[in-house]
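S.K.: what would the 3D arrangement of this be:
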Amino acid sequence: MDERFIRGIFIDWTLIGNCSYLRDIEALKDLKTLDFNSNVTFFVGENGSGKSTLLEAMAIASGFNPEGGTKNYSFSTYDSHSELYDAIRVVRGSRKARWGYFLRAESFYNVATMEERYADEGHESQKYHEKSHGESFLALAQNQLRPGGLYFFDEPEAALSPQRQLTLLTEIYNCAADGSQFIIATHSPILLGMPGAEILSFDSGVIHPCEYEDTESYQVTEMFINDRKRLLDKLL
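M.R.: As a prediction, the model looks like this:
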């Protein structure tokens, strides 16, 4: 199914302060509209390029807790999110998501803790803190993936081995085929290889579509694997 829950966004910059740091992010400062053309969209770019900032704002504007979780999660350990979510208007499709989740690597520990606190007789805790970081990270993602869901993932590869990244790729691909929509910020050349996914690059000062082989994640990884000795000799 190709009908997306979020077809695009509109940003009203009159709602952003004139001195806001958002106006200094090259890829965002002139952004007024952005369309999504696939059930899986990847945000790629160098650190600080704005991809996680936009992903976070979209998730909050869609009703999710800033630190992650389902729409039922409501807690805050440290308010670090930008004002961008106030200025975003989400262009919605004709369908309404039946489920959803905002997964972010940097606040995973807090979300796993709250999952235990929210548990009750009807919602048993998965006890993510009793697993290794990578195992719990993948288990949380797998437990939340359902057909017809809306998902925002921020660097989901952070705790995963290459093999587990392949597992997550398969899970996301199958879930998207069942009518879910994913918007994912990532540096993983494995996840970026997903067939049919849209890749939006935040590099070069403007958000633009990008082919898999043109991403820095792919190019640097290819360079290292194919010519590791020469690259390291140059760097070291």
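S.K.: list the contacts for Glu211?
M.R.: Ile199 (Cβ atoms under 8 Å, 6 or more residues apart in numbering). Backbone N, C-alpha and C define where each C-beta goes, glycine included.
S.K.: go on, Trp99?
M.R.: Listed by Cβ under 8 Å, 6+ apart, the contact partners of Trp99 are Thr70, Gln144, Arg146, Gly148, Gly149, Leu150.
S.K.: quick one, phi/psi of it?
M.R.: phi -160, psi 170 (degrees, to the nearest 10).
S.K.: which regions of this structure sit below the pLDDT cut-off?
M.R.: By pLDDT under 70, the low-scoring segments of the chain are 1-2, 72-82, 105-131, 133.
S.K.: those helices in it, which residues are they?
M.R.: 26-29, 51-61, 84-87, 108-118, 133-144, 162-177, 216-226, 228-235 (DSSP state H).
S.K.: turn these into TSV, including distance to Trp13 and mean neighbour count.
M.R.: Converted to TSV, the helices of the chain look like this (distance: least, Cβ to Cβ, whole Å; neighbours: other Cβ atoms under 10 Å):
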stretch	distance to Trp13	mean neighbour count
helix 26-29	8	20
helix 51-61	13	23
helix 84-87	7	18
helix 108-118	31	17
helix 133-144	33	17
helix 162-177	32	16
helix 216-226	28	14
helix 228-235	40	9
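S.K.: so which of those helices is nearest Glu3?
M.R.: helix 162-177 (12.3 Å; Cβ to Cβ).
S.K.: the closest one to helix 133-144, inter-axis angle?
M.R.: Here helix 162-177 runs at an angle of 10 degrees relative to helix 133-144 (axes from the mean of the first three to the mean of the last three Cα atoms, to 10 degrees).
S.K.: name the helices or strands packed onto helix 162-177?
M.R.: strand 40-44, helix 133-144, strand 181-185 (3 or more Cβ pairs under 8 Å, 6 or more residues apart in numbering; DSSP states H and E).
S.K.: wait, which of those is closest to Ala97?
M.R.: In terms of Cβ to Cβ, the element of the helices and strands packed on helix 162-177 nearest to Ala97 is strand 181-185, at 7.4 Å.
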